[in-house]
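# okay, predicted coordinates and the sequence, questions at the end:
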Amino acid sequence: MMYDDKPNESCALFGVSLINGREAAGLVFNALLALQHRGQEGAGIAVTSGNNIFCHKGEGLASEVFSEGVLETLPKSRTAIGHTLYSKAGANKKENAGPFVTEYLTGRVAAAFNGGITNAGDLRGDLQKNGLYFNTDSDGETVSSLIAYCITKERDILSGVVRAANYLEGAFSIIVEGGGKIIAIRDTCGFRPLCVGRGEDGYAVASESCALDSCGFELVRDVRPGEAIVIENGELTNQGVMLDGKKHADGQEAQKHGLCIFEYVYFARPDSVVDGLSVYKARYNMGMVLAKEHPAEADVVCGAPDTGLDAASGYSAGSGIPLVPGFVRNRYIGRSFIYPTQDQRESAVRLKLNPLSATIVGKRVVFVDDSIVRGTTTEKTVRSLKYAGAKEVHVRISSPPPLHSCRYGTDIDNEDNLIANKMTLEGIRNKIGADSLGYISIDGLKKACDQCALPFCTDCYIKTK
C-alpha cells in the first residue's frame with residue numbers, strides 16, 4: 001500500500017479444489033500474489049494430503065514466506081487454501097498469519113478468515129472452559145477452533161461449519177478445508193467480499209475476482225450473504241445452505257447493513273468485480289460525482305497512486321479539466337513499515353512517490369485521493385506538489401471523512417486521532433495546505449456504487465449512531 005495514513009483491510013482468502021492438472025499449492029501461491037494488496041504482513045498455505053492437512057505460513061509478503069524451494073516442501077495436493085495477513089498494531093504477525101489448522105476427534109480442519117468478530121472474546125472463553133487452548137488473540141484462531149469444536153458435535157463438516165458460523169457476530173468471510181472439501185461461507189450482511197470461479201480443472205473461491213482471473217478461473221458469481229457453499233473433487237457440490245441471519249452485536253437486523261463500501265473506495269483492486277460492480281467503474285463514478293459536487297477552477301487533474309487514479313479520471317471527464325500524471329512512483333523501494341525509525345519510514349515514502357514537475361509547474365492542480373484519515377500524508381503530498389511548482393492545489397476526496405472506528409475488522413485509526421473529529425472542514429483544509437478541499441457526500445458515494453447488488457455499510461461516516 002502506498003501510504004500509512006489509510007484504513008487497512010484484514011486479510012485475503014483463496015481456496016481451490018481441482019479435478020486434475022495443476023497442483024493446488026502453486027495455484028494458491030499465484031492467487032496470494034494477486035491478493036497481496038489486502039495484507040502484506042503474513043501469508044500461509046494449507047494443503048490436504050490423505051487424511052491430513054499440512055500448512056506453511058510466516059511473516060512477510062507471500063514471495064518472502066514462500067521463497068525458492070519452500071512450495072516444493074508441501075505435499076502434492078488437489079485441495080488447498082491460502083491467506084494473506086493484515087495485522088493490527090502490536091499483533092504478532094507470524095503467529096496471527098493464517099490459515100489456522102485445528103485438530104478434532106477424527107481429523108484436522110484448516111480455516112482462513114477475513115473480518116472482525118465482535119463476540120470473539122466470549123466465544124474464546126467458552127471454548128477454553130471446554131478444554132481448548134489458544135496461542136494467539138487472533139479472531140482467525142478462535143474461528144478455526146470453534147469450527148473444529150462444532151464439527152465434533154455435529155459429526156459432519158458442513159453442518160459443523162454452519163453451526164459455528166451461526167455463533168459468530170460481526171463481519172466475516174471464511175474458507176474452510178477439511179475432509180477433502182473446501183467450504184466457503186459469508187456473513188449474513190455480506191460485509192466482506194467472497195466470490196466463486198470455475199476453470200477447466202475445478203473450482204476456486206477468492207476474496208476478489210482479480211485472483212480468479214490471475215489463476216485462469218472465470219468468475220461465476222459472488223457468495224451470497226449468509227450462504228455456505230461446498231467444493232469437492234473439483235466440483236461445486238453444494239450451494240444455497242444459509243445461515244440463521246440473527247441480529248448483530250449492535251442489535252440491528254442484518255439486512256440494515258451490507259458490504260463495506262470501502263471495498264470500492266480503497267481496498268479492492270480496480271480489475272476486480274465485487275458483488276456485480278466493477279471496482280474501476282465505481283471509482284471512476286466517484287470522480288464524476290466529485291466533479292459535480294465540488295467543481296474547481298483549475299488547469300489539470302491528477303490522482304494519488306494507485307487508488308486515486310481512477311477517481312481522477314472520472315473527475316477529469318466530469319469537469320472537462322485535462323488529466324495528467326502527477327507523480328512518478330519508484331517500484332523498487334521496499335515496504336516503508338519495515339524500517340526501524342519514523343524518519344526512515346518517512347524518507348522511504350518520499351522516495352516511493354515524487355511529483356512530476358513537468359505536468360504541474362505553474363498550474364492550478366486538482367489532486368484526487370481516496371481518503372484523509374489523520375491528514376499527515378495529505379499534508380506532505382500537498383506540500384510536495386507546491387514545492388514542485390504547482391500554483392494552486394485543490395484537494396478532492398472520493399470518500400466522506402471517517403468519524404468512527406469500525407466494529408467489524410477494518411483498521412481505521414482511533415476516533416480521537418481522526419482529523420474529522422478534531423477539525424472543521426476549513427481547519428482540515430488549512431492544516432493540509434490546500435487551496436480548497438471537497439469530500440464526496442455519503443449519498444454521492446452510494447450513487448457512484450449504485451450498481452452493486454448489495455446495500456452498504458457506511459457506519460464509519462455517520463455523525464450520530
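Now that the structure is in, tell me what you want to look at.

# from here on, just use CA atoms for contacts and neighbour counts.
OK.

# got the domain ranges for this structure?
As assigned by automatic domain parsing, the chain contains the domains 12-257, 277-461.

# now the last one: mean pLDDT?
The reference is to domain 277-461. Here the mean pLDDT over domain 277-461 is 89, rounded to a whole number.

# now swap in the first one and tell me
For domain 12-257, the mean pLDDT works out to 90.

# from the middle of its chain, how far away would that domain be?
On the basis of Cα atoms, centre = their mean, to the nearest Å, domain 12-257 sits 14 Å off its chain's mean C-alpha point.

# same deal with the shortest one?
On the basis of Cα atoms, centre = their mean, the separation between the geometric centre of domain 277-461 and that of its chain is 18 Å.

# measure that domain end to end?
Across its full length, domain 277-461 reaches 22 Å end to end, with Cα to Cα, to the nearest Å as the criterion.

# so what's the nearest residue to Val223 once chain neighbours are set aside up against?
In space, Val223 comes closest to Cys195 once its chain neighbours are excluded; the distance is 5.2 Å by Cα to Cα, 6 or more residues apart in numbering. The neighbours of Cys195, taking Cα atoms under 8 Å, 6 or more residues apart in numbering as the test, are 205-209, 219-223, 274.

# and those, which of them are in strands?
205-206, 219-222, 274 (DSSP state E).

# tell me, how many residues neighbour the nearest residue to Glu392 once chain neighbours are set aside?
Spatially, and ignoring its direct neighbours in sequence, Glu392 is nearest to Arg364 (4.5 Å; Cα to Cα, 6+ apart). Residues contacting Arg364 under the criterion other Cα atoms under 10 Å number 21.

# quick one, phi/psi of Arg364?
Geometry field for Arg364 lists phi and psi as phi -90, psi 120, criterion degrees, to the nearest 10.

# now do it against Asn354, distance only.
Per Cα to Cα, Arg364 is found 18 Å from Asn354.

# over to Thr377?
From Thr377 to Asn354 the distance is 13 Å (Cα to Cα).

# beta partners for the residue nearest to Val223?
Taking DSSP bridges, one finds Ala206, Asp222 as the beta-bridge partners of Cys195.

# give the residue farthest from the middle of this structure.
Computed with Cα atoms, centre = their mean, the residue of the chain farthest from its C-alpha average is Gly362, at 38.0 Å.

# shouldn't that one be within a helix?
No - Gly362: not assigned to a helix; according to DSSP: H, G, I helix; E, B strand; the rest coil it is coil.

# show the contacting residues for it.
The contact partners of Gly362, by Cα under 8 Å, 6+ apart, come to 389-391.

# how about the residues you listed in a markdown table, adding neighbour count?
Converted to a markdown table, the contacts of Gly362 look like this (neighbours: other Cα atoms under 10 Å):
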| residue | neighbour count |
| --- | --- |
| Gly389 | 18 |
| Ala390 | 20 |
| Lys391 | 17 |
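
# nearest to Tyr266, of those?
Each of those was scored against Tyr266 by Cα to Cα, and Ala390 proved nearest at 26.1 Å.

# quick one, strands of the stretch 201-350 of the chain?
Under the criterion DSSP state E, counting those that start in this stretch, the stretch 201-350 of the chain contains strands at 202-206, 218-222, 227-232, 235-242, 259-260, 273-274, 277-278, 300-303, 327-329.

# what's the angle from the longest one to strand 227-232?
It refers to strand 235-242. With axes from the mean of the first three to the mean of the last three Cα atoms, to 10 degrees as the criterion, the two stretches strand 235-242 and strand 227-232 enclose an angle of 160 degrees.

# can you list the strands that strand 235-242 pairs with?
Checking strand 235-242 against DSSP bridges gives partners strand 227-232 (antiparallel).

# hey, C-alpha coordinates of the partner strand in CSV?
The C-alpha trace of strand 227-232 is given here as CSV (Å, rounded to 0.1, in the frame of the first residue of the first chain):
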residue,chain,number,x,y,z
GLU,A,227,-24.5,-18.6,2.3
ALA,A,228,-22.3,-21.6,2.6
ILE,A,229,-21.0,-23.4,-0.5
VAL,A,230,-19.1,-26.7,-0.8
ILE,A,231,-16.4,-27.6,-3.4
GLU,A,232,-15.2,-31.2,-3.5
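
# bridged to the nearest residue to Val241 once chain neighbours are set aside, which residues?
In space, Val241 comes closest to Ala228 once its chain neighbours are excluded; the distance is 5.2 Å by Cα to Cα, 6+ apart. Here Ala228 shows beta-bridge partners Ile185, Val241, assigned using DSSP bridges.
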